[in-house]
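[1] this one's sequence-less:
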């Protein structure tokens with residue numbers, strides 16, 4: 001498992017509370033910063049998630065760590081009748097709700113405050129669960145993944161989009177330089193909060209990506225686990241299923 005990484009190390013708050021505070025603080029600048037930091041490629045990655053799920057024809061989707069709702073809105077293209085966007089940060093959700101309303105998607109998408117590690121939904125509720133750049137913020141990764149498995153319907157799909165660290169030269173060295181030196185600087189310039197973007201890069205570097213994350217998913221009980229590295233390995237899409245009952 002990865003070591004604990006918290007946004008504000010001088011705080012007496014736990015990671016969950018610190019993450020909430022951090023995202024509330026940067027919520028107004030989050031969308032613009034995402035485009036700048038990823039050079040707009042994050043939009044392409046989300047489209048791939050939508051394309052993968054569209055083949056499954058889900059009727060209901062839970063988008064965990066929905067933030068300002070980018071993926072939840074994109075998931076409308078899967079044809080799902082019900083999409084629930086859940087996030088621990090009221091500040092991020094407030095912006096997400098405005099985006100949903102402006103696109104007249106209130107009937108399709110419900111945005112709710114919630115804790116990914118203590119979901120308020122019944123067992124076997126959703127055909128699919130998605131998490132976009134959020135699992136590394138879980139306080140206890142295994143607890144969050146077990147909750148996702150619980151609320152998924154049998155044969156339901158999990159799709160996770162998360163940052164990862166390139167393993168090949170020169171991408172590995174370039175990524176390390178960018179996340180250590182450039183990313184916090186951009187964060188400070190745009191949001192006046194270099195702590196937040198320092199945390200985001202650090203949390204990405206220690207997250208158990210690739211086969212390590214695949215193995216965690218298998219240990220939790222997911223089946224058919226695969227991952228697809230994106231853009232030289234700076235992000236990965238993980239796909240897994242919940243097993244059907246034996247009888």
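    Arrived safely. As the structure is a computational prediction, the values presented were derived from the model and not from experiment. Residues are numbered from 1 along each chain as shown.
[2] Helix, strand or coil: sort out residue 61 for me.
    When classified by DSSP: H, G, I helix; E, B strand; the rest coil, residue 61 comes out as strand.
[3] count of residues packed around it?
    Neighbour count for residue 61, taken as other Cβ atoms under 10 Å: 27. Every C-beta, even on glycine, is put in place using the N, C-alpha and C of the backbone.
[4] Pull the contacting residues for it.
    Taking Cβ atoms under 8 Å, 6 or more residues apart in numbering, we find residue 61 in contact with 53, 75, 78, 80, 82, 83, 84, 126, 127, 128, 129, 130.
[5] before we move on, what about residue 227?
    Neighbouring residues of residue 227 by Cβ under 8 Å, 6+ apart: 210, 211, 213, 214, 236, 237, 238, 239.
[6] do that again at 6 Å, thanks
    Residue 227 makes contacts with 214, 236, 238, as judged by Cβ atoms under 6 Å, 6 or more residues apart in numbering.
[7] now, which of those residues lie within strands?
    Among those, the residues falling in strands (DSSP state E) are 236, 238.
[8] May I ask which of the contacts of residue 227 comes out lowest in pLDDT?
    pLDDT across those is lowest for residue 236, at 94.
[9] Tell me, what's the model's pLDDT at the residue lying closest to residue 42 once chain neighbours are set aside?
    Spatial nearest neighbour of residue 42, chain neighbours left out: residue 34 (5.6 Å); criterion: Cβ to Cβ, 6 or more residues apart in numbering. Model confidence at residue 34, given as pLDDT, is 73.
[10] what's the pLDDT at residue 139?
    At residue 139, the model reports a pLDDT of 89.
[11] Now do the SS call for it.
    Of the three states, residue 139 takes coil under three-state DSSP.
[12] my guess is it meets residue 18, correct?
    No. In this structure, residue 139 is not within contact of residue 18 by Cβ atoms under 6 Å, at 9.6 Å.
[13] circling back: how close does the residue nearest to residue 42 sit to residue 242?
    As defined by Cβ to Cβ, to the nearest Å, residue 34 lies at a distance of 30 Å from residue 242.
[14] Neighbour count: those two, which is higher?
    Neighbour totals were compared for residue 34 and residue 242, and residue 242 leads with 22 against 16 (other Cβ under 10 Å).
[15] Ignoring the adjacent residues along the chain, who's closest to the more buried one?
    Of all residues beyond its chain neighbours, the one nearest residue 242 is residue 152 (4.3 Å), with distances taken as Cβ to Cβ, 6+ apart.
[16] Which residues does that neighbour form beta bridges with?
    Partner residues in beta bridges with residue 152, using DSSP bridges, are residue 126.
[17] In terms of pLDDT, where does it sit?
    98.
[18] what's the nearest residue to residue 79 if we skip its chain neighbours?
    In this structure, residue 79 finds its nearest non-sequential neighbour in residue 57, 6.6 Å apart by Cβ to Cβ, 6+ apart.
[19] which one's the longest helix in this protein?
    Using DSSP state H, we find that the single longest helix of the chain is helix 15-37.
[20] after that helix, next one along is what?
    Using DSSP states H and E, the helix or strand that follows helix 15-37 towards the C-terminus is helix 41-54.
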